[in-house]
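> can you look at this prediction? I've put the sequence above it.
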Amino acid sequence: MKAADIRAHAFSMPLHSPSYPPGPYRFMDREYLIITYRTDPEALKRVVPAPLECDAPIVKYEFIRMPDSTGFGDYTESGQVIPVSFKGQQGGYVHAMFLDDDPPIAGGRELWGFPKKLATPTLITAHDTLLGTLDYGPVRIATGSMGYKHQALDSAKALAALGEPGFLLKIIPHVDGTPRICELVRYYLSDVTLKGAWSGPAALELHPHALAPVADLPVLEILSAVHLVADLTLNLGEVVHDYLAK
Amino acid sequence: MTSSRDASAPRLPDTAFAMPLVSPSYPRGPYRYTNREHMIVTYRTDPAAIEQAVPEPLVADQPLVRLEFMRMDASTGFGRYSGAAQHIPVQLNGLQGAYTHNMFLDVHAPISGGRELWGFPQKLASPCLKVAHDTLLGTLDYGPERVARATMGYKHRAIDEGSALAMLGEPGFLLKIIPHVDGTPRVCELVQYYRRDIVLKGAWTGPASLDLQPHALAPLADLPVLEVVSSVHLIADFTLELGVVVHDYLA
């Protein structure tokens, strides 16, 4: 293959059959269980990178079903998002994410810098309970539960939460192991169609694991829980801080 | 790395290596493999397909492909996993080596590390290399679908250690591509790497067969099998070294 063709088609590996296609990345009937909890402020300080700032010791634990997404297919995700501010702008720093599908893991890491690993998350309706679980290999590391559609939520509030930016720490090494890319990335969801939003009683249990340390941000108190269903587009991002800039 | 009111020039700790910062998907090397087992079946394919697959400045002298199945029982940092790959024998400025065209693994740590450090074109699938009575059997399933199968008579004839060591001693070539956050190309490089400190524990040949099936996302069959040329079964310890950039397509 000619060098000019390689440059023209270079998007992702392998060149002739990329692990993920170019966007747009549109999600239909994306379903969220988000349990907001209070954690140890010292633990949070250790994991949030400057220049992001944490105003309160709060974590959002998420389970997400994506049954229909362009290019990525049908998959499930679970992880932790920390409410932060960047130069006064409110958003969510994505601290850890676990998925069961390779294209969104590779694409998420390499395009945006989502800190994704392969694991086995689920989000199901078990009779009266909306139930999220996360297994890393054979080990259960998170279980979240919520009463199913107990109270409808104000849709304006739910839309405002989905409209906030996400922040990511994109790190890619050079072929010699030195840092090549080390950037703070900001991204938005767009064209959001909210199909439902509910709250209800919730519980969350996290277990320690060497390679999936979700329990390093311990659950001290459950603050709230929401269940959302929406169509939305995950936009590409922008670099808001370059840690390697001289 | 605490959040700080001073946003003038925040830095990350020197430990920043891979995502996520606090629990990287793969550790720093060295990446040492013990009792790594390979079945490599070399076949002749369509010259036009090879021409399309091999990125210049690499040159393929012959329309040959090596379909390889691998068992990695004990690897530092990556654990226990299996792989399958298509390599194309090539030259770079007269240096003989092999370009990795497709590769599939069943564990995420070496997939993310392989892609992000070296540029191995790895995808998640279900490769398997095992002994089935008299047969060394390699299979590759992508999702629920069988896409490749290789068979070989088990340890029929020992082969010359020199030729096996020569194959393991050749450089590997990779096309590392990483996009920028806006989707434009950020990294587009030809990478060369070596296996070092090789201890060969056995090398054999025997009768072999190959069967490839088409799949939209695992297109091994796009390099069709016209004739099986040779086969080798190897067991070795070695260290997979980091690489060097030998061509930058964006320069």
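Good, I have the coordinates. Numbering: from 1, shown residues only, chains lettered A, B, ... in the order given.
> now the lengthiest helix in chain B, how far from the centre of its chain.
As assigned by DSSP state H, the longest helix anywhere in chain B is helix B:161-169. Centre-to-centre, helix B:161-169 and its host chain are 17 Å apart (C-alpha atoms, centre = their mean, to the nearest Å).
> also stretch A:63-79?
11 Å.
> just the CA coordinates for that stretch, please, in PDB.
C-alpha atoms of stretch A:63-79 as PDB (Å, rounded to 0.1, in the frame of the first residue of the first chain):
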ATOM      1  CA  PHE A  63     -24.500   1.200  35.100                       C
ATOM      2  CA  ILE A  64     -25.400   1.900  31.400                       C
ATOM      3  CA  ARG A  65     -27.100  -0.400  28.800                       C
ATOM      4  CA  MET A  66     -26.400   0.500  25.200                       C
ATOM      5  CA  PRO A  67     -28.600  -1.800  23.100                       C
ATOM      6  CA  ASP A  68     -28.200   0.100  19.800                       C
ATOM      7  CA  SER A  69     -25.200   2.200  19.000                       C
ATOM      8  CA  THR A  70     -23.800   3.100  15.600                       C
ATOM      9  CA  GLY A  71     -20.500   1.300  15.000                       C
ATOM     10  CA  PHE A  72     -20.200  -0.100  18.500                       C
ATOM     11  CA  GLY A  73     -23.200  -2.500  18.600                       C
ATOM     12  CA  ASP A  74     -25.000  -3.800  21.700                       C
ATOM     13  CA  TYR A  75     -23.100  -3.500  24.900                       C
ATOM     14  CA  THR A  76     -23.100  -2.600  28.700                       C
ATOM     15  CA  GLU A  77     -20.800  -0.400  30.800                       C
ATOM     16  CA  SER A  78     -20.200   0.400  34.400                       C
ATOM     17  CA  GLY A  79     -18.000   2.900  36.100                       C
END
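> quick one: that stretch near chain B?
No - using C-beta under 8 Å from any C-beta of the partner chain, stretch A:63-79 stays clear of chain B, with a minimum separation of 9.7 Å. (C-beta placed from N, C-alpha, C; glycine too.)
> rounded mean pLDDT for that stretch, please.
Confidence for stretch A:63-79, expressed as mean pLDDT, is 97.
> give me the buried stretch members for it, please.
Applying a neighbour-count criterion of 16 or more other C-beta atoms under 10 Å in any protein chain shown, the buried positions in stretch A:63-79 are A:63, A:64, A:65, A:66, A:69, A:72, A:75, A:76, A:77, A:78, A:79.
> quickly find the element holding the third one.
Looking back up the chat, that one is residue A:65. Assigned by DSSP states H and E, residue A:65 belongs to strand A:58-69.
> which neighbouring elements make contact with that strand?
Judged by 3 or more C-beta pairs under 8 Å, 6 or more residues apart in numbering or on different chains; DSSP states H and E, strand A:58-69 is in contact with strand A:25-38, strand A:73-86, strand A:120-126, strand A:129-136, strand A:139-147.
> one more time with 7 Å, if that's ok
On a contact count with 3 or more C-beta pairs under 7 Å, 6 or more residues apart in numbering or on different chains; DSSP states H and E, strand A:58-69 meets strand A:25-38, strand A:73-86, strand A:120-126, strand A:139-147.
> including distance to residue B:160, could these go into TSV?
Output for those, formatted as TSV (distance: least, C-beta to C-beta, whole Å):
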stretch	distance to residue B:160
strand A:25-38	52
strand A:73-86	47
strand A:120-126	46
strand A:139-147	46
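> residue A:190: which of those strands is closest?
strand A:25-38 (9.9 Å; C-beta to C-beta).
> can I get the CA coordinates of the next helix or strand after that closest one in PDB?
Scanning forward in sequence from strand A:25-38 by DSSP H and E, the next helix or strand is helix A:41-47. Once non-C-alpha atoms are left out, helix A:41-47 reads as follows in PDB (Å, rounded to 0.1, in the frame of the first residue of the first chain):
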ATOM      1  CA  PRO A  41     -12.500  13.400  50.600                       C
ATOM      2  CA  GLU A  42      -8.900  12.300  50.900                       C
ATOM      3  CA  ALA A  43      -9.500   9.300  48.600                       C
ATOM      4  CA  LEU A  44     -11.000  11.700  46.000                       C
ATOM      5  CA  LYS A  45      -8.100  14.100  46.300                       C
ATOM      6  CA  ARG A  46      -5.700  11.300  45.300                       C
ATOM      7  CA  VAL A  47      -7.500  10.500  42.100                       C
END
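> quick one: buried residues of helix A:41-47?
So for helix A:41-47, counting by 16+ other C-beta under 10 Å, buried means A:44, A:47.
> for stretch A:199-206, same thing?
So, applying 16+ other C-beta under 10 Å, buried residues of stretch A:199-206: A:199, A:200, A:202, A:204, A:206.
> pick the one among the residues you listed closest to residue A:232.
Nearest member of the buried residues of stretch A:199-206 to residue A:232, counting by C-beta to C-beta, is residue A:199, at 19.9 Å.
> okay, how far is it across stretch B:115-135, tip to tip?
One end of stretch B:115-135 sits 32 Å from the other (C-alpha to C-alpha, to the nearest Å).
> what average pLDDT does it get?
The average pLDDT within stretch B:115-135 is 98.
> what about it, near chain A?
Yes - residues of stretch B:115-135 contacting chain A under C-beta under 7 Å from any C-beta of the partner chain: B:115, B:116, B:117, B:118, B:119, B:121, B:123, B:124.
> and the third one, that one's in a strand?
No - according to DSSP: H, G, I helix; E, B strand; the rest coil, the state of residue B:117 is helix, so it is not within a strand.
> that one reaches residue A:175, doesn't it?
Yes - in this structure, residue B:117 is within contact of residue A:175 by C-beta atoms under 7 Å, at 6.4 Å.
> pull the CA atoms of the host helix or strand of residue B:147 into CSV?
Assessed by DSSP H and E, residue B:147 sits inside strand B:145-153. Written as CSV, here are the backbone C-alpha positions of strand B:145-153 (Å, rounded to 0.1, in the frame of the first residue of the first chain):
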residue,chain,number,x,y,z
GLU,B,145,-18.3,-17.6,14.5
ARG,B,146,-15.3,-19.8,13.6
VAL,B,147,-13.1,-17.7,11.3
ALA,B,148,-9.8,-19.7,11.2
ARG,B,149,-8.7,-23.3,11.9
ALA,B,150,-5.2,-24.8,11.6
THR,B,151,-4.2,-28.4,12.2
MET,B,152,-0.7,-29.9,12.4
GLY,B,153,0.6,-33.4,13.2
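> ok, the closest residue to residue A:243 other than its chain neighbours - contacts?
Excluding the flanking residues, the one nearest residue A:243 by C-beta to C-beta, 6 or more residues apart in numbering or on different chains is residue A:182, at 4.2 Å. Counting by C-beta atoms under 7 Å, 6 or more residues apart in numbering or on different chains, residue A:182 touches A:171, A:243, A:244, B:12, B:16.
> which PyMOL command selects the buried ones in those?
Buried subset of these, written as a PyMOL selection, criterion 16+ other C-beta under 10 Å:
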select buried, (chain A and resi 171+243) or (chain B and resi 12+16)
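> of the contacts of residue A:182, which belong to strands?
residue A:171 (DSSP state E).
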